[in-house]
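Participant: attaching a predicted model along with its sequence, questions to come.
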Amino acid sequence: AGGEIVTASLADIRSLNPVLSNDGASSTVTSQLFVSLLALDAQTGALMPRAAADWTVSEDGLTYTFNLRQDIAWSDGTPLTADDVAFTFQAITTPELNSPHLANFVNITRWQVANANTLVVELGAPDCTAIYAFNVGLIPAHIYNNDPLNILDSEENLAPTVTSGPFLFGEYQPGQQVRLVANPTYYAGQPVVNSWTMKIYPNAIPMLNDLLAGTIDYTTVDAEFVGRVESAMARGADVEINKWFVNGFTYLAFNLADPVNPQNGWLDENEDGVYNPGEPVQTQDPHPVLSDLAVRQAIALALDYDDI
């Protein structure tokens with residue numbers, strides 16, 4: 001026991017409030033700080049219990065009943081209850097927060113706290129994907145006085161003081177690193193390491209150098225750098241490569257805007273420089289080459305899908 005784990009990211013965090021973020025860097029950290037109702041099995045991608053001890057689905061597929069574990073507490077000693085789950089859902093669906101998880105809740109019509117350890121969720125129509133909305137990190141209702149609007153501009157968003165995961169917040173140095181420390185009251189047992197740190201890198205080259213030098217313990221590596229890692233391993237570098245399936249996808253996106261006069265993708269009606277739900281698509285001049293459907297189809301046909 002003891003020591004620290006160091007990982008890496010090519011992007012800085014946006015927020016340490018799981019309701020406000022779903023980018024890779026932020027999610028990597030918040031998953032260590034906040035337990036979710038359900039979680040994804042890293043090996044199979046199947047849903048498994050976390051804060052929920054178990055759950056049932058009605059015969060018509062419209063009602064989910066979650067029974068919570070009774071041995072999880074927030075780091076300040078307050079029990080984690082169904083009220084926290086309901087508050088998290090309320091926060092996600094509060095328009096002022098612009099939660100990136102809102103789209104996952106469009107078919108969830110109602111939720112009700114049956115008792116301290118039971119939450120009932122109702123759907124508008126049967127939807128086998130709806131359950132994936134329940135792997136968002138839960139936030140403590142009592143810290144925000146049960147009012148989602150208190151989340152706006154809260155210092156908790158970048159320096160959470162009350163969490164429930166295996167680690168507690170330590171420090172955040174923008175553009176450099178996020179450091180967490182072991183949670184001695186974590187319901188599944190205190191981590192065997194004293195701290196967990198995510199170092200932030202401007203690009204893959206210095207990150208890869210630190211990986212090969214042993215400065216960081218683990219990270220993901222793009223396919224283009226696998227050959228370099230394998231060459232270093234052949235020369236005796238103490239590095240191991242593991243491959244696994246991920247719950248995601250990679251895509252090739254085309255920017256169809258005219259590069260001579262590019263515009264925002266949306267009409268910024270609020271003039272705040274940020275996309276807000278409901279703002280319409282911005283009409284603009286087409287790209288002189290990529291706007292041609294035949295060109296995009298040719299690019300798609302040129303890809304070697306079997307080799308990928």
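Facilitator: Cool, the structure landed. Residues are numbered from 1 along each chain as shown.
Participant: make sure R110 is indeed in a helix.
Facilitator: No: assessed with DSSP: H, G, I helix; E, B strand; the rest coil, R110 is strand; it does not lie in a helix.
Participant: give the contact list for it.
Facilitator: 121-122 (CB atoms under 8 Å, 6 or more residues apart in numbering). Quick note: C-beta positions are derived from backbone N, CA and C, even for glycine.
Participant: one more: the one 4 residues further on?
Facilitator: When contacts are counted by CB under 8 Å, 6+ apart, A114 touches 65, 82, 120.
Participant: burial count for the first one?
Facilitator: By the other CB atoms under 10 Å criterion, the neighbourhood of T65 contains 15 residues.
Participant: contacts for the helix or strand containing it?
Facilitator: Secondary structure from DSSP states H and E places T65 in strand 63-68. Outside strand 63-68, the residues that touch it by CB under 8 Å, 6+ apart are 37, 51-58, 80-82, 85, 114, 117-123, 130-131, 134.
Participant: what's the spacing between that strand and its chain's center?
Facilitator: 23 Å (CA atoms, centre = their mean, to the nearest Å).
Participant: model confidence over it, on average?
Facilitator: Average pLDDT, strand 63-68: 97.
Participant: mind listing what's buried along that strand?
Facilitator: Buried residues in strand 63-68, defined by neighbour count with 16 or more other CB atoms under 10 Å: 64, 66-68.
Participant: got the phi/psi numbers for the residue nearest to Q263 when sequence neighbours are not counted?
Facilitator: Spatial nearest neighbour of Q263, chain neighbours left out: Q284 (4.2 Å); criterion: CB to CB, 6 or more residues apart in numbering. Main-chain dihedrals, Q284, degrees, to the nearest 10: phi -150, psi 170.
Participant: same deal with the one 3 residues further on?
Facilitator: H287 adopts backbone torsions of phi -70, psi 140, taken as degrees, to the nearest 10.
Participant: now do the contacts for it.
Facilitator: Shown in contact with H287 (CB under 8 Å, 6+ apart): 254-259.
Participant: can you tell me which of those are classed as buried?
Facilitator: Burial by neighbour count, 16+ other CB under 10 Å: within the contacts of H287 this picks out A257.
Participant: mind giving me JSON lines with the buried residues of strand 63-68 and columns for distance to T93?
Facilitator: JSON lines is the format used below for these (distance: CB to CB, whole Å):
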{"residue": "Y64", "distance to T93": "16"}
{"residue": "F66", "distance to T93": "17"}
{"residue": "N67", "distance to T93": "23"}
{"residue": "L68", "distance to T93": "20"}
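Participant: next one: the closest residue to N146 other than its chain neighbours relative to P18, how far apart?
Facilitator: Nearest non-adjacent residue to N146, counting by CB to CB, 6+ apart: F87, 6.2 Å away. From F87 across to P18, the span is 13 Å (CB to CB, to the nearest Å).
Participant: shared neighbours, these two?
Facilitator: Counting by CB under 8 Å, 6+ apart, the shared contacts of F87 and P18 are I139.
Participant: the residue nearest to N146: which element?
Facilitator: Take DSSP H and E as the rule and F87 turns out to sit in helix 82-92.
Participant: what of W244?
Facilitator: Using DSSP H and E, no element contains W244; it sits outside every helix and strand.
Participant: T44 versus that one, what's the distance?
Facilitator: Distance of W244 to T44, given as CB to CB: 10 Å.
Participant: quick one: which of those two has more around it?
Facilitator: Neighbours per residue (other CB under 10 Å) separate W244 from T44, with T44 holding more: 10 against 7.
Participant: how much space between the more buried one and V246?
Facilitator: For T44, the distance to V246 equals 12 Å [CB to CB].
Participant: what does V281 give?
Facilitator: 30 Å.
Participant: how about A300, what does it touch?
Facilitator: Counted by CB under 8 Å, 6+ apart, A300 has zero contacts.
Participant: read off the pLDDT value for it.
Facilitator: Predicted confidence (pLDDT) for A300: 91.
Participant: ok, the residue nearest to Q263 touching A257?
Facilitator: Yes: at 5.4 Å, Q284 counts as touching A257 under the criterion of CB atoms under 8 Å.
Participant: overlap in contacts of the two?
Facilitator: With contacts taken as CB under 8 Å, 6+ apart, the residues that reach both Q284 and A257 are Q263.
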